[in-house]
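Visitor: below are the sequence and a predicted model for it; my questions follow.
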Amino acid sequence: MRVLFDSSIRVDPLPPLRQDLACDVAIVGAGISGLSLAYELASRGRKVTVLEAEHAGFGASGRNGGILFPAPGLVWRIRGALGHSDATWAFEALRSRCGELVHDLGALEGGPTQASMYLAAPGRVAERALPWVARSLSDARRCSSEELAAHTGQKARGGIVFSAHVVDPKRLTRSLLARAQAAGATVHENTPVVDVSESSSGALVTALGHRVRARDVVVASGAWASRRSFQTWMLSSPTLPESTLAMLGPSIVATAERSFTYRRVYDGRLLFGAFDDPVTVPLNHVPADVGARLTRLLHRSIPDLPTFEPECVWGGAIHSQGHEFPSVRRESPHVVRLGAIAGIYWALMGARFAHGLLEPSDETPEDARLRQCVAATRVPVFGALTLVLRLMLGPWGGDLT
């Protein structure tokens, strides 16, 4: 499976684990979460070892669309989520943390750059939902179908536009790797972990016939999973002519109808992705029909786009929870699992939550409360069904608050 972002950077692999080691914290997985956590711990004087089965950013961290949606946690805007006061506080607290994270990553190569994001409504139900989404975004404004077509080439009934950010996922991951190493963390690539267990004084990680003894182990891998879960697939076009790039514009475009789709222009190419139904797909395998299905979706939403053969097609299984939030929990006294994450913001916040579990004295009361809100969140089924019903009823469904 070839990934568009793989062509943007070439690095020499780090050496695999070649001997037994001892450390304060061992982290399994060198993605955005694992490397961010490694940096936070190492910069506070902890001895950290990171073990990666392939190379840094091999999984979801290097294969996503590089879009930082500015309002993660929209489930907290549905009636019945956590109780109104907690949900309102949690959503606003997360928005504040998002701004901090963008600032923190801004100096890194591949880090966030600002972009306009259009959320397009192909049908009536999606169009009806736009005001509900817009109320969660302080800078959102409505846009007409004519504006969408003129600025993005998108065919839709209308939409909203707001500020977001984009990153180069692979370059950002490599920058996070360099930052963690500079802080003192040790990273071993091509080191598949075969066992994580408790020991008399902490935890024990086995890889390549060697053992790493640690006070705590964090398993931060598996956002791309081989189990039955939702899939997201992406394609990239060949380099497009200037006239086509001018039609598409520089903005991010997302649609939500029968399938959630998203696109952006990167390095003269169009990157387009869509969510798919839950299926069982082996890790690192793309079904033969994915490219054709994505191409049909793409041309249905951009009728004037010239036909092309995809240059790369990639993706895989993502979280299998009923919501987007990360799962950060202690599986045993010395093992923390950090997984089931959708999106770069949540990968970064997941690392922050794991840090709080490992080092409570480092965690602010606000972060602790936010972590507890995430752990307690379940999709409010009645509230969600009520929202969908109101969307379907249109003006007869009442105000969407």
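Guide: Ah, there it is. Numbering: from 1, shown residues only.
Visitor: below-threshold pLDDT in the stretch 1-150 of the chain: ranges please.
Guide: Counting by pLDDT under 70, the stretch 1-150 of the chain contains low-confidence residues at 1-10, 79-80, 82-84.
Visitor: as a check, name the ranges of all helices in it.
Guide: Assigned by DSSP state H, counting those that start in this stretch, the stretch 1-150 of the chain shows helices spanning 32-42, 60-63, 84-105, 124-134, 145-152.
Visitor: what mean pLDDT does stretch 243-253 get?
Guide: For stretch 243-253, the per-residue pLDDT values average out at 95.
Visitor: CA atoms only for that stretch - export them in CSV, please.
Guide: What follows is the C-alpha trace of stretch 243-253 in CSV, where atoms were taken according to Å, rounded to 0.1, in the frame of the first residue of the first chain:
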residue,chain,number,x,y,z
SER,A,243,-6.5,25.2,-14.4
THR,A,244,-7.9,22.2,-12.4
LEU,A,245,-6.1,23.3,-9.2
ALA,A,246,-7.6,26.8,-9.7
MET,A,247,-11.1,25.3,-9.9
LEU,A,248,-10.6,23.2,-6.7
GLY,A,249,-9.1,26.0,-4.8
PRO,A,250,-6.8,25.7,-1.7
SER,A,251,-9.6,25.0,0.9
ILE,A,252,-10.6,21.9,2.7
VAL,A,253,-14.0,20.5,1.7
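Visitor: if I look at the residue most central in space within the chain, how far off is residue 173?
Guide: Nearest residue to the geometric centre of the chain (Cα atoms, centre = their mean): residue 343, 1.5 Å. Plainly put, residue 343 is 15 Å away from residue 173 if you go by Cβ to Cβ, to the nearest Å. From N, CA and C alone the C-beta is placed, and that goes for glycine too.
Visitor: now swap in residue 158 and tell me
Guide: When distance is defined by Cβ to Cβ, residue 158 is 36 Å away from residue 173.
Visitor: between these two, who's got more neighbours?
Guide: With other Cβ atoms under 10 Å as the criterion, residue 158 and residue 173 differ in neighbour count, and residue 173 comes out ahead with 28 against 18.
Visitor: okay, the helices of the stretch 1-150 of the chain in a markdown table with distance to residue 298 and mean neighbour count next?
Guide: Formatted as a markdown table, the entries for the helices of the stretch 1-150 of the chain read as follows, by distance: least, Cβ to Cβ, whole Å; neighbours: other Cβ atoms under 10 Å:
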| stretch | distance to residue 298 | mean neighbour count |
| --- | --- | --- |
| helix 32-42 | 27 | 28 |
| helix 60-63 | 18 | 27 |
| helix 84-105 | 29 | 16 |
| helix 124-134 | 17 | 18 |
| helix 145-152 | 13 | 17 |
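Visitor: closest to residue 216 out of these?
Guide: In this view, the helices of the stretch 1-150 of the chain are compared for proximity to residue 216 by Cβ to Cβ, and helix 32-42 is the closest at 9.5 Å.
Visitor: got a list of contacts for the closest one?
Guide: The set of residues that contact helix 32-42 without belonging to it, under Cβ atoms under 8 Å, 6 or more residues apart in numbering, is 24-25, 27-28, 48, 50, 52, 56-57, 61, 172-173, 176-177, 179-180, 183-185, 187, 218, 220-221, 326, 338, 341, 344, 347-348, 350-352, 354-355, 358-359, 362.
Visitor: sort out which of those are in strands and list them.
Guide: Judged by DSSP state E, the subset of the contacts of helix 32-42 located in strands is 24-25, 27-28, 48, 50, 187, 218, 338.
Visitor: possible to save the residues you listed as CSV with distance to residue 260 and neighbour count?
Guide: Rendered in CSV, the data for the ones in strands among the contacts of helix 32-42 read as follows (distance: Cβ to Cβ, whole Å; neighbours: other Cβ atoms under 10 Å):
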residue, distance to residue 260, neighbour count
24, 40, 17
25, 36, 27
27, 31, 33
28, 30, 26
48, 36, 27
50, 32, 30
187, 34, 23
218, 30, 30
338, 24, 28
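Visitor: for the residues you listed, give me JSON lines that also has distance to residue 272.
Guide: What follows is the ones in strands among the contacts of helix 32-42, written out as JSON lines (distance: Cβ to Cβ, whole Å):
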{"residue": "24", "distance to residue 272": "43"}
{"residue": "25", "distance to residue 272": "39"}
{"residue": "27", "distance to residue 272": "33"}
{"residue": "28", "distance to residue 272": "32"}
{"residue": "48", "distance to residue 272": "37"}
{"residue": "50", "distance to residue 272": "32"}
{"residue": "187", "distance to residue 272": "33"}
{"residue": "218", "distance to residue 272": "34"}
{"residue": "338", "distance to residue 272": "29"}
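Visitor: nearest to residue 117, of the residues you listed?
Guide: For residue 117, the nearest member of the ones in strands among the contacts of helix 32-42 is residue 338. The distance, counting by Cβ to Cβ, is 27.2 Å.
Visitor: please report the distance of the closest one from residue 167.
Guide: In this structure, residue 338 lies at 20 Å from residue 167, with Cβ to Cβ as the measure.
Visitor: same check, this time on residue 126
Guide: As it turns out, when the distance is counted by Cβ to Cβ, residue 126 lies 26 Å from residue 167.
Visitor: how about residue 205?
Guide: In this view, residue 205 and residue 167 are 30 Å apart by Cβ to Cβ.
Visitor: domain assignment for this protein?
Guide: Domain assignment for the chain, taken from automatic domain parsing, gives 1-112+169-223+323-401, 113-166+226-317.
Visitor: distance between stretch 26-37 and the chain's centre?
Guide: Offset of stretch 26-37 from its chain centre (Cα atoms, centre = their mean, to the nearest Å): 14 Å.
Visitor: where in the stretch 151-300 of the chain is pLDDT low?
Guide: Scanning the stretch 151-300 of the chain residue by residue, the ranges that satisfy pLDDT under 70 are 222-230, 257-258, 277-284.
Visitor: enumerate every residue touching the residue lying closest to residue 26 once chain neighbours are set aside.
Guide: With Cβ to Cβ, 6 or more residues apart in numbering as the measure, residue 214 is the residue that lies nearest to residue 26, at 4.0 Å, once sequence neighbours are left out. By Cβ under 8 Å, 6+ apart, the contact list for residue 214 reads 22-26, 49, 202-205, 334.
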